[in-house]
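Asker: Predicted model follows, preceded by the sequence.
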Amino acid sequence: AQTVTQSQPEMSVQEAETVTLSCTYDTSESDYYLFWYKQPPSRQMILVIRQEAYKQQNATENRFSVNFQKAAKSFSLKISDSQLGDAAMYFCAYRSAEGTSGSRLTFGEGTQLTVNP
Amino acid sequence: NAGVTQTPKFQVLKTGQSMTLQCAQDMNHEYMSWYRQDPGMGLRLIHYSVGAGITDQGEVPNGYNVSRSTTEDFPLRLLSAAPSQTSVYFCASSYGPGHAEQYFGPGTRLTVT
């Protein structure tokens, strides 16, 4: 079974600064997807960014980018120019690309990000 | 297009009571899933479905039943609620194989006293 680990329960950053959230995972599969989800106080789960394991290029979405290290099974999220609205719980998640496994996500424990003005 | 909807948003139950959490999607998604979220544990998969009439257990299925009679609906039933089922419940859906993203509903906060 796959596991996802987020070793930073809490992080803080100054507004306009850069912060990196860590995520490691364990799998024996070669084809899979990785995600970062944001959960603000509203509780809604919002997809921030995704990475396909077969792609060597790291995904980017505006101020959000990832550092995907497949051999090391590491998938960190970098938030540049942090804004107050980035304050939220962030979850790393894994999804197999095999068969019907696409219906199942495995989540990490979450990292609570605080943005200080 | 409402996306994924869940009802109710909040619910308080007494131990031993039963209830059904409703989930519906209007995107013609094949896959639907139920997760529970507890502090410090992220989201854990309860049950999932890969199409109408097909369901399977996830990581924490005990105490919950599901069925999927239509593509749109995927209700989660608690037959005899226990305090350990106090949690926030999320329903999610996605297109079939080859499509990565899951779309989440707004969640239901359930308290069992």
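Answerer: That came through, no problem.
Asker: Any stretches of chain A with poor pLDDT?
Answerer: Per-residue confidence for chain A (pLDDT under 70) gives these ranges: A:99-102.
Asker: Up against chain B, what does it have?
Answerer: Within chain A, the positions lying close to chain B (Cβ under 8 Å from any Cβ of the partner chain) are A:4, A:6, A:9, A:33, A:35, A:43-45, A:47, A:50, A:52, A:91, A:93, A:95, A:97, A:99-100, A:102-110. C-beta: built from backbone N, CA, C; applies to glycine.
Asker: Now go through these and say which are in strands.
Answerer: The strands, defined by DSSP state E, take in A:4, A:33, A:35, A:47, A:50, A:52, A:91, A:93, A:95, A:106-107 from the residues of chain A next to chain B.
Asker: which of those residues lies closest to chain B?
Answerer: Top of the list for closeness to chain B, among these and by Cβ to the nearest Cβ, is A:Phe107 at 3.7 Å.
Asker: nearest residue to A:Val48 other than its sequence neighbours?
Answerer: Nearest non-adjacent residue to A:Val48, counting by Cβ to Cβ, 6 or more residues apart in numbering or on different chains: A:Trp36, 4.4 Å away.
Asker: mind checking how far B:Cys91 is from B:Leu76?
Answerer: Note on B:Cys91: its distance to B:Leu76, by Cβ to Cβ, to the nearest Å, is 8 Å.
Asker: if we can go back for a sec, what about burial for the ones in strands among the residues of chain A next to chain B, which qualify?
Answerer: Among these, those scoring as buried are A:4, A:33, A:35, A:47, A:50, A:91, A:93, A:95, A:106-107 (criterion: 16 or more other Cβ atoms under 10 Å in any protein chain shown).
Asker: Pick out the residue closest to the middle of chain A.
Answerer: Per Cα atoms, centre = their mean, the C-alpha nearest to the average position across chain A is that of A:Trp36, at 2.9 Å.
Asker: bridging residues for the closest residue to B:Phe10 other than its chain neighbours?
Answerer: Nearest non-adjacent residue to B:Phe10, counting by Cβ to Cβ, 6+ apart: B:Arg109, 5.1 Å away. Note on B:Arg109: beta-bridge partners by DSSP bridges are B:Phe10, B:Val88.
Asker: Verify the contact between B:Arg109 and B:Lys9 for me.
Answerer: Yes. B:Arg109 lies in contact with B:Lys9 (Cβ atoms under 8 Å); the separation is 7.1 Å.
Asker: hmm, back to that, right, and the residue nearest to the centre of chain A touches A:Ser65 too?
Answerer: No. Applying Cβ under 8 Å, one finds A:Trp36 not in contact with A:Ser65, separated by 10.3 Å.
Asker: picking that back up, which one of B:Arg109 and B:Lys9 is surrounded by more residues?
Answerer: B:Arg109 (15 against 11; other Cβ atoms under 10 Å in any protein chain shown).
Asker: re the thing from before, which neighbours do A:Trp36 and A:Ser65 share?
Answerer: Residues touching both A:Trp36 and A:Ser65 (Cβ atoms under 8 Å, 6 or more residues apart in numbering or on different chains): A:49, A:77.
Asker: show me the contacts for the residue nearest to A:Val48.
Answerer: Counted by Cβ under 8 Å, 6+ apart, A:Trp36 has contacts A:21, A:23, A:47-50, A:64, A:66, A:77, A:90-93.
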